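A.B. asks: Just need the structure, nothing else, for what follows:
(one chain, ligands or ions: 1)
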Amino acid sequence: MLLSDRDIRSEITNGRVAVEPFEEAMIQPSSVDVRLDKFFRVFENHKYSVIDPSIEQSELTREVIAEEGEAFILHPGEFVLASTYEVITLPDDIAGRLEGKSSLGRLGLLTHSTAGFIDPGFSGHITLELSNVANLPVKLFPGMKIGQLCLIKLSSPAEHPYGSAIYASRYQGQRGPTPSRSFMNFHQSKIK
Ligand SMILES: Nc1ccn([C@H]2C[C@H](O)[C@@H](COP(=O)(O)OP(=O)(O)OP(=O)(O)O)O2)c(=O)n1
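C.D. replies: Okay, the predicted model is just below:
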């Protein structure tokens, strides 16, 4: 079940869902808007000949900070990581989905390229996978509304929410745009 504005407000008021810092004006009919922080991670493509998810490539991305009043310019075809200004915390019976904003989509800006699912139990900034599919560069201003978070009530609380010891929970508590940690506990099932 997708939470309505009144249910989102009530979950935030009773402290089960946290959107920090929270502003009432960010609540939409059945989502809550999230804003862009000033931290970005750009890809250092010249350092590696290939992206290998099975090993740590610590120099694959580099942090860039947009200074006050400055925009980060995303060129056509470019892909960068960014993060929400808000820290999101979900209980064990609510999952989230990060969705784009139509006004930005109409300009060719993709907010998350593939992964938009937020597990029940997750806490941290949400990492944004930003890409520009337009033919002109687009200016990204820290503080601008960059996406919206939908909240979905589970049929029952998760037995093992995100952050439980049973999972790697590689992104629990992440701060700022966080590069892939797919190399941690990387394994491939044997394909016959
Ligand atoms: N655009 C997104 C999507 C997800 N997340 C966070 C919230 C999710 O609960 C967490 C893990 O997402 P996935 O389960 O999709 O990622 P993995 O399966 O790769 O990681 P893990 O093994 O930690 O579950 O990452 C994020 O910060 N930004």
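A.B. asks: And the helices in the chain?
C.D. replies: Assigned by DSSP state H, the helices in the chain fall at 5-13, 102-105.
A.B. asks: Would you reformat these as a markdown table and include mean neighbour count, distance to E63 and mean pLDDT?
C.D. replies: All C-beta atoms are positioned from the backbone trio N, CA, C, and that covers glycine. Putting the helices of the chain into a markdown table (neighbours: other Cβ atoms under 10 Å; distance: least, Cβ to Cβ, whole Å; pLDDT from 0 to 100) gives the following:
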| stretch | mean neighbour count | distance to E63 | mean pLDDT |
| --- | --- | --- | --- |
| helix 5-13 | 16 | 30 | 98 |
| helix 102-105 | 12 | 23 | 94 |
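A.B. asks: looking at these, which is closest to E56?
C.D. replies: Set against E56 and scored by Cβ to Cβ, those come closest in helix 102-105, at 32.2 Å.
A.B. asks: Tell me which residues are up against that closest one.
C.D. replies: Helix 102-105 has contacts (Cβ atoms under 8 Å, 6 or more residues apart in numbering) with T111, I146.
A.B. asks: Centre of the chain to it, how far?
C.D. replies: With Cα atoms, centre = their mean, to the nearest Å as the basis, helix 102-105 stands 17 Å off its chain's centre.
A.B. asks: what mean pLDDT does stretch 162-172 have?
C.D. replies: The pLDDT scores in stretch 162-172 average 91.
A.B. asks: how deep is L109 tucked in, by neighbour count?
C.D. replies: Residues near L109, counting by other Cβ atoms under 10 Å, number 19.
A.B. asks: Quick one: residues contacting N135.
C.D. replies: P76, G108.
A.B. asks: Same check on the one 3 residues further on?
C.D. replies: When the contact criterion is Cβ under 8 Å, 6+ apart, the partners of V138 are I73, L74, L107, G108, L109, N132.
A.B. asks: Quick check: beta-bridge partners of the fifth one?
C.D. replies: The partner list for L109 in beta bridges (DSSP bridges) reads N132.
A.B. asks: wait, doesn't it sit right on E129?
C.D. replies: No. Contact criterion Cβ atoms under 8 Å: L109 and E129 do not qualify, at 11.4 Å.
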